[in-house]
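> need a structure here:
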Amino acid sequence: MGSNNQYLKVGYQGDIGSFSEEAMYEYFTRIKENKKYNNFEDLFIALNENEIEYAVLPIENSSTGSIRQVYDLLNQYDFYIVGEECIKIEQHLIGIKGACIDEIKEIYSHPQGFEQSSQFLKKYNEIRLIPYLNTAISAKYIS
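Purely as a prediction, here's the structure:
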């Protein structure tokens, strides 16, 4: 694809600022329309119904391995991987203005975000980890 792709309709999982949105803009240079979806299967349904032409999904993670749900959905919907974009994932803890880390009682994130940050989170056993749709939507919720 890269710079030779035509103007396309592309979907990604998450919200504005998600890692999938970042990967979409890195990979596709000519996007006619982009659409965000809350979960992985919504993207597969959109592809199946020709709402979008391509979906950007995470499939591998250097710290946590394969994202099994995406592979299962690829098999279930009989779709194929047609390209790859590797991006560096850097997690950041975002809080309410004026908050100190010692005052934090809950952290919202996609489970992958918790896994990717496990070394950091080990220092804060008392903080409750609450699974959420994805890291970008978690940040939006907290803000």
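
> List the buried residues of stretch 86-93.
89, 93 (16 or more other CB atoms under 10 Å). Every residue, glycine included, has its C-beta placed from N, CA and C.

> Quote the end-to-end distance of it.
Using CA to CA, to the nearest Å, the end-to-end distance of stretch 86-93 comes to 22 Å.

> and if you look at stretch 46-64?
Start-to-end, stretch 46-64 (CA to CA) is 27 Å.

> residues in contact with it?
Under the criterion CB atoms under 8 Å, 6 or more residues apart in numbering, residues 8-13, 19-21, 23-24, 27-28, 35, 37, 40, 43-44, 66-67, 70-71, 77, 79, 81-82, 85, 89, 112, 115-116 lie in contact with stretch 46-64.

> Tell me which residues of that stretch come out buried.
46, 47, 52, 53, 54, 55, 56, 57, 58.

> Could you do stretch 125-138 as well?
For stretch 125-138, a neighbour-count test (16+ other CB under 10 Å) marks 129, 132, 133, 134, 135, 136, 137, 138 as buried.

> In a markdown table, list those residues along with pLDDT, distance to residue 104 and secondary structure.
Converted to a markdown table, the buried residues of stretch 125-138 look like this (pLDDT from 0 to 100; distance: CB to CB, whole Å; DSSP: H, G, I helix; E, B strand; the rest coil):
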| residue | pLDDT | distance to residue 104 | secondary structure |
| --- | --- | --- | --- |
| 129 | 96 | 11 | strand |
| 132 | 89 | 15 | coil |
| 133 | 81 | 20 | coil |
| 134 | 78 | 20 | coil |
| 135 | 83 | 16 | helix |
| 136 | 81 | 19 | helix |
| 137 | 83 | 19 | helix |
| 138 | 87 | 13 | helix |
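
> Go through those residues and say which is closest to residue 123.
Nearest to residue 123 among the buried residues of stretch 125-138: residue 129, at 13.1 Å, using CB to CB.
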